[in-house]
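Asker: Have a look at this prediction, sequence included:
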Protein chains: 2
Amino acid sequence: MEYRKIKDQENYEDVSQNDIESLHGKPLSGVVSNSTPSSLGGSTKSSWKLKSIVTLALTLLTSSQAILIVWSKRAGKYEYSVTTANFSVEALKCALSLVALAKIWRSQGVTEDNKLSTSFDEVSVYPIPAILYLIKNLLQYYIFAYVDAPAYQILKNLNIISTGVLYRIILKKKLSEIQWAAFILLCAGCTTAQLNPSSDHVLQTPFQGWVMAIIMALLSGFAGVYTEAIIKKRPSRNINVQNFWLYIFGMIFNLIAIIVQDYDEVMNKGFFHGYSFITVCMILNHALSGIAVSMVMKYADNIVKVYSTSVAMLLTAVVSVFLFGFHLSLAFFLGSTVVSVSIYLHSIGKPQPQK
Amino acid sequence: MEYRKIKDQENYEDVSQNDIESLHGKPLSGVVSNSTPSSLGGSTKSSWKLKSIVTLALTLLTSSQAILIVWSKRAGKYEYSVTTANFSVEALKCALSLVALAKIWRSQGVTEDNKLSTSFDEVSVYPIPAILYLIKNLLQYYIFAYVDAPAYQILKNLNIISTGVLYRIILKKKLSEIQWAAFILLCAGCTTAQLNPSSDHVLQTPFQGWVMAIIMALLSGFAGVYTEAIIKKRPSRNINVQNFWLYIFGMIFNLIAIIVQDYDEVMNKGFFHGYSFITVCMILNHALSGIAVSMVMKYADNIVKVYSTSVAMLLTAVVSVFLFGFHLSLAFFLGSTVVSVSIYLHSIGKPQPQK
């Protein structure tokens, strides 16, 4: 199929999902693997600090990602292949995971938890998130028959709700009533912040459009929650090994996508045709965000991830005011207020042990 | 000054405030004074029931009020004098209070709590809410030099915050952290529900406009909270007596307004010039809502009143879809969701006794 089609309207928000898609991660290398080597692969007393660092990293990387996209749009259109870019992201993440592992092997030696070799039992579930995202991305081509781009932006906020529901059902983790209320508010607040004069189109979405949007939200939520389940199943296993195996499958699936969609293009024009400095920046950023998502899954959870990417969305808008002279709407302020209250409620609403 | 000037854009929301303005009330006569006579003037075991009834009454009356205004707009312009209509509302409320009192005297006899005569000490504070509203209404003429009508609609939601803050400071009643969060959400949700393409004007409001809007919100919040303080100061005093005295001052202040603003008009054209069937309906509705506000102050509080009028605003919009073929925007659904969550949080977030 064609180069870069729905990338523009797509990426801004989906950034974090794209990265889970090929779920794997290496721990912001220097920071984590050197300064707190003991905390890798298990929860220690510094887990709160680690959780904060990875959450902050995810937030900053996701918001700078969206800014890179705006910047690249301004710099003119780019004609690189989305599938080769996605493959490059996976390959880079794989490489970074190996570099981090090499460091750890040198300092700690090869142990049961950080050895690269694995059992079929361990590795067999790793392709599942990648497959789920593949299905979701295929559906994405069809949903535009029923829903226009601004409406799709709005509908994607359903991901927030689906993640919360599946997190509860699959991981069996309990959110308190207040945290549920906070999660509904997060969804409403994010949607409000994105309101623009054409948002009301979403109310004309036909039934099929709603069904597809809900299925896509469930697929995306399920992939995220399932990844967390995989990573958390073996808490002592080194995150870099887990990431390596996740990313290997990401590479395989993206390779298939290149062959199916862009084989002729790549053969005629070359793999890196149309790549610019900004393309490289975006690939680097995607790779680091993907790793940050994995780290959040390991040391925090999907709920933290959703909050983190929501805050990143607001942060991007504020930074865009200074960088690109964007205007903030009243809806943005109202949505941000609701999101802020939601974060506050989530933090004070921790489930009581006696419940 | 001229007839009916800013009534159209003004009344829709300010309805409840206008009624507090001349704060007084008679207890939905039959319902309260006959069926639960023992509960009048004090808190009994049926207080929860009473609280629910008056809150429901206020909600329904306020929402039907807004619908009457839309209906009257559709029916063509009306040329009655706002000051004479306000006076009529006060007079009607006074009359209804006296009718209710007469019934009570007949069934229970005249007691210390339900006698009409009063001390200077008791009655001296009753004109204060009316004076506060008079100042606020005068300011209203000037704020339009800085703020346009849609922006003013948005800014009036500051009343919610000012009521919460003054309720805390003046009545020294504690809201829990969750209830504060809920109150911020109520303000954000109501504003979101009212968003329309011209709402962003509010962001261009000059500094003087903000100052005036804040002062008006404080005056309005203060009048509401002060009325509650007056009514609750003597819990055993019959509400109809309290209302009678409040409304007497409402009549006096509105009489002054007629003389200052509309003396010539009334002299030339007559007091009831331009009154139509719908004018009479609106006066009746205003009078009953005013009484409902008083009842909410007596048996519930300002917080309940704010929630009640917010829900009425949403209810009006929904009913208008069926009555007038209005369209609901996505912003309306999002705002309604936030308001609903806010109500839920307010109810579960009651302050803990140990705090």
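Answerer: Good, I have the coordinates.
Asker: how about low-confidence regions in chain A?
Answerer: Residue ranges of chain A with pLDDT under 70: A:1-45, A:73-78, A:353-355.
Asker: And stretch A:55-66, how far out from the chain middle?
Answerer: 10 Å (Cα atoms, centre = their mean, to the nearest Å).
Asker: Go through that stretch and flag the buried ones.
Answerer: A:55, A:57-66 (16 or more other Cβ atoms under 10 Å in any protein chain shown). The C-beta positions use only the backbone N, C-alpha and C, and glycine is treated the same way.
Asker: got CSV for these, with distance to A:T84 too?
Answerer: Converted to CSV, the buried residues of stretch A:55-66 look like this (distance: Cβ to Cβ, whole Å):
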residue, distance to A:T84
A:T55, 31
A:A57, 26
A:L58, 25
A:T59, 28
A:L60, 26
A:L61, 21
A:T62, 22
A:S63, 25
A:S64, 22
A:Q65, 18
A:A66, 22
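Asker: hey, C-alpha coordinates of stretch A:226-237 in PDB?
Answerer: Output of stretch A:226-237 as PDB, limited to C-alpha atoms (Å, rounded to 0.1, in the frame of the first residue of the first chain):
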ATOM      1  CA  TYR A 226      -1.500  -8.500  28.200                       C
ATOM      2  CA  THR A 227       2.000  -7.000  27.900                       C
ATOM      3  CA  GLU A 228       1.900  -6.000  31.500                       C
ATOM      4  CA  ALA A 229       0.800  -9.600  32.400                       C
ATOM      5  CA  ILE A 230       3.700 -11.100  30.400                       C
ATOM      6  CA  ILE A 231       6.300  -8.800  31.900                       C
ATOM      7  CA  LYS A 232       5.000  -9.100  35.500                       C
ATOM      8  CA  LYS A 233       4.600 -12.900  35.400                       C
ATOM      9  CA  ARG A 234       8.300 -13.200  36.000                       C
ATOM     10  CA  PRO A 235       9.200 -10.300  38.300                       C
ATOM     11  CA  SER A 236      12.800 -11.400  38.800                       C
ATOM     12  CA  ARG A 237      13.500 -11.800  35.100                       C
END
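Asker: Counting neighbours, which bits of that stretch end up buried?
Answerer: Within stretch A:226-237, the residues that qualify as buried are A:226-231, A:237, counting by 16+ other Cβ under 10 Å.
Asker: can you check stretch A:98-108 too?
Answerer: Under 16+ other Cβ under 10 Å, the buried positions of stretch A:98-108 are A:98, A:100-101, A:103-104.
Asker: cool, stretch A:266-277 as well?
Answerer: Result for stretch A:266-277 [16+ other Cβ under 10 Å]: buried residues A:266, A:274-275.
Asker: Next, format the residues you listed as CSV and append distance to A:V123 and secondary structure.
Answerer: What follows is those, written out as CSV (distance: Cβ to Cβ, whole Å; DSSP: H, G, I helix; E, B strand; the rest coil):
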residue, distance to A:V123, secondary structure
A:V266, 29, helix
A:G274, 35, coil
A:Y275, 32, coil
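Asker: and which of the residues you listed is nearest chain B?
Answerer: A:G274 (37.0 Å; Cβ to the nearest Cβ).
Asker: List the contacts of A:L203.
Answerer: Shown in contact with A:L203 (Cβ atoms under 8 Å, 6 or more residues apart in numbering or on different chains): B:328-330.
Asker: circling back: Throw the buried residues of stretch A:55-66 into JSON lines and include secondary structure and distance to chain B, thanks.
Answerer: Shown next, in JSON lines, are the buried residues of stretch A:55-66 (DSSP: H, G, I helix; E, B strand; the rest coil; distance: Cβ to the nearest Cβ, whole Å):
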{"residue": "A:T55", "secondary structure": "helix", "distance to chain B": "22"}
{"residue": "A:A57", "secondary structure": "helix", "distance to chain B": "28"}
{"residue": "A:L58", "secondary structure": "helix", "distance to chain B": "25"}
{"residue": "A:T59", "secondary structure": "helix", "distance to chain B": "22"}
{"residue": "A:L60", "secondary structure": "helix", "distance to chain B": "26"}
{"residue": "A:L61", "secondary structure": "helix", "distance to chain B": "28"}
{"residue": "A:T62", "secondary structure": "helix", "distance to chain B": "23"}
{"residue": "A:S63", "secondary structure": "helix", "distance to chain B": "22"}
{"residue": "A:S64", "secondary structure": "helix", "distance to chain B": "27"}
{"residue": "A:Q65", "secondary structure": "helix", "distance to chain B": "26"}
{"residue": "A:A66", "secondary structure": "helix", "distance to chain B": "22"}
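Asker: Just name the closest of these to B:Y126, please.
Answerer: Within these, proximity to B:Y126 (Cβ to Cβ) peaks at A:T59, which comes in at 55.0 Å.
Asker: what number of residues lie near A:W48?
Answerer: 12 (other Cβ atoms under 10 Å in any protein chain shown).
Asker: again with the one 4 residues further on
Answerer: Counted with other Cβ under 10 Å, the burial measure for A:S52 works out to 13 neighbours.
Asker: What is the host helix or strand of it packed up against?
Answerer: Under the criterion of DSSP states H and E, A:S52 resides in helix A:47-74. Contacts defined by 3 or more Cβ pairs under 8 Å, 6 or more residues apart in numbering or on different chains; DSSP states H and E place helix A:47-74 against helix A:7-21, helix A:277-299, helix A:302-324.
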